[in-house]
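Asks: Give the three-dimensional model of this entry:
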Amino acid sequence: MTEEPILVLAATGGQGSAVTQALLGRRARVRALVRDPGRQAARQLAGMGVEVVGGSLSDADSLAAAMTGVAAVFAYTTPFEAGLDAEVRQGRAIISAATRARVPHLVFSSVAGADQDSGVPHFESKARIEAELGSGDVPYTILGPTYFFDNALGGADHILDGVLDLPLPADRPLQQLERADLGAFAAKVLLDPAGYAGQRIELASDAPTPVQMADALGAALGREVRHARVPLEAVTNPDMHAMWAFFNGPGYQVDIPALHRDHPEIGWSRYADWAERVWSAAR
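Replies: Residues are numbered from 1 along each chain as shown. Predicted structure coming up:
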């Protein structure tokens, strides 16, 4: 076990939290970069023994300061606050800071399908960051998460009313990932990066169809949940429309059996088990 801390960027977000918890579960030293160390979520991390530092994903100076003296970095960027160009600038700031701080290994969380010419804007912005990371000097591993199980929570009211509305055919599998599985995989790479340097690894826990998702949610809730197919043209946000068009077309291409066979230690969650754990309290 390394004595230097591992830095997790955006540590109070969904992905950062999952990675932080996985690292703490393996008794690693963790340094967390957050925008506001005074917020409750940041104070909770400090209470768990995490070294909390303030900074911004778009500020290379604060990133380089946080990266100084670390064993590895988990990095994540987002277009959903300030747009696609801002996400690319975040990626460039992270790469610049990692180069300056001579980070031994950077794990970048991108998205599955970013290398498929998907036409999805927030996939393409991550592809640009991947390309710049690959052409630089920082040792890296790229992880490509698929659609997260808990994206369904955005439609919680509809689900509680008995409807899972998705712009997919009832029998179309959608590869998805449990955040805890991402955290476990990222922690594995961060703590022992030698076998993963330069690799791009896409991650999926399960691939249920919308009908199977609805059935699992209904079983967890103890009442019927049915899938209702939303017309693709009803998705008016251009980025989300492109993403669902991609899911209706080629979709993610993760070889799930091979991934799970090669990494059984992750424990890969099933969608039905996640649904039972998260939704059963709403019975």
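Asks: Give the buried residues for the strand or helix carrying Asp273.
Replies: Using DSSP states H and E, Asp273 sits within helix 271-279. For helix 271-279, a neighbour-count test (16 or more other CB atoms under 10 Å) marks Tyr271, Ala272, Asp273, Trp274, Ala275, Val278, Trp279 as buried. The way it works is simple: take the backbone N, C-alpha and C, and place the C-beta from them, glycine included.
Asks: now do stretch 121-136
Replies: Pro121, His122, Phe123, Glu124, Ser125, Lys126, Ala127, Arg128, Ile129, Glu130, Leu133.
Asks: Distance from that stretch to the middle of the chain?
Replies: Remark: stretch 121-136 is offset 15 Å from the chain centroid, using CA atoms, centre = their mean, to the nearest Å.
Asks: repeat for stretch 268-278
Replies: With CA atoms, centre = their mean, you get 17 Å for stretch 268-278.
Asks: does Leu33 count as helix, strand or coil?
Replies: Under DSSP: H, G, I helix; E, B strand; the rest coil, Leu33 falls in the strand class.
Asks: where along the stretch 51-200 of the chain do the helices fall?
Replies: For the stretch 51-200 of the chain, the helices defined by DSSP state H, counting those that start in this stretch cover 60-67, 84-101, 121-134, 156-160, 179-191.
Asks: winner for burial among those helices?
Replies: helix 179-191 (a mean of 23; mean count of other CB atoms under 10 Å).
Asks: What are the buried residues along the helix or strand following that one?
Replies: Reading on from helix 179-191 to the C-terminus, the next helix or strand found by DSSP H and E is strand 200-203. Residues of strand 200-203 classed as buried: Arg200, Ile201, Glu202, Leu203 (neighbour count, 16+ other CB under 10 Å).
Asks: quick one: contacts of strand 200-203?
Replies: 110, 112-113, 115, 130, 141-146, 177, 181-182, 185, 252-254, 259 (CB atoms under 8 Å, 6 or more residues apart in numbering).
Asks: Among those residues, which lie within strands?
Replies: Among these, DSSP state E puts Thr141, Ile142, Leu143, Gly144, Pro145, Leu177 in strands.
Asks: measure the fourth one to Arg29 for me?
Replies: Same thing as Gly144. As judged by CB to CB, to the nearest Å, Gly144 and Arg29 stand 27 Å apart.
Asks: now do the fifth one
Replies: If you measure Pro145 against Arg29 using CB to CB, the figure is 25 Å.
Asks: Between those two, which is the more surrounded one?
Replies: Pro145 (26 against 17; other CB atoms under 10 Å).
Asks: and Ala46, what does it touch?
Replies: By CB under 8 Å, 6+ apart, Ala46 lies in contact with Pro37, Val52.
Asks: ok, now how distant is it from Tyr196?
Replies: When distance is defined by CB to CB, Ala46 is 30 Å away from Tyr196.
Asks: which residues of this structure score low on pLDDT?
Replies: The model of the chain has pLDDT under 70 over residues 1-2.
Asks: Next, count neighbours for the nearest residue to Pro121 once chain neighbours are set aside.
Replies: The spatially closest residue to Pro121, leaving aside those adjacent along the chain, is Asp239, at 4.7 Å (CB to CB, 6 or more residues apart in numbering). Per other CB under 10 Å, the neighbour tally for Asp239 reads 18.
Asks: Quick check: phi and psi at Asp239.
Replies: Asp239 has phi and psi values of phi -70, psi -50 when expressed as degrees, to the nearest 10.
Asks: show me what contacts it?
Replies: So Asp239 contacts Pro79, Val120, Pro121, His122 (CB under 8 Å, 6+ apart).
Asks: Quick check, the last one in contact with Val111.
Replies: Yes: with contact defined as CB atoms under 8 Å, His122 reaches Val111; the gap is 7.3 Å.
Asks: burial measure for Ala152, as a count.
Replies: By other CB under 10 Å, the residues close to Ala152 number 21.
Asks: Spatially nearest residue to it, not counting backbone neighbours?
Replies: Setting aside the residues directly before and after it, Ala152 is nearest to Ile159 in space (CB to CB, 6+ apart), at 6.7 Å.
Asks: what residues are up against that neighbour?
Replies: Each residue near Ile159 by CB under 8 Å, 6+ apart is listed here: Ala152, Leu217, Leu221, Val225, Trp279.
Asks: Same check on Ser205?
Replies: Shown in contact with Ser205 (CB under 8 Å, 6+ apart): Phe149, Gln176, Leu177, Glu178, Asp181, Trp268, Ser269, Arg270, Tyr271.
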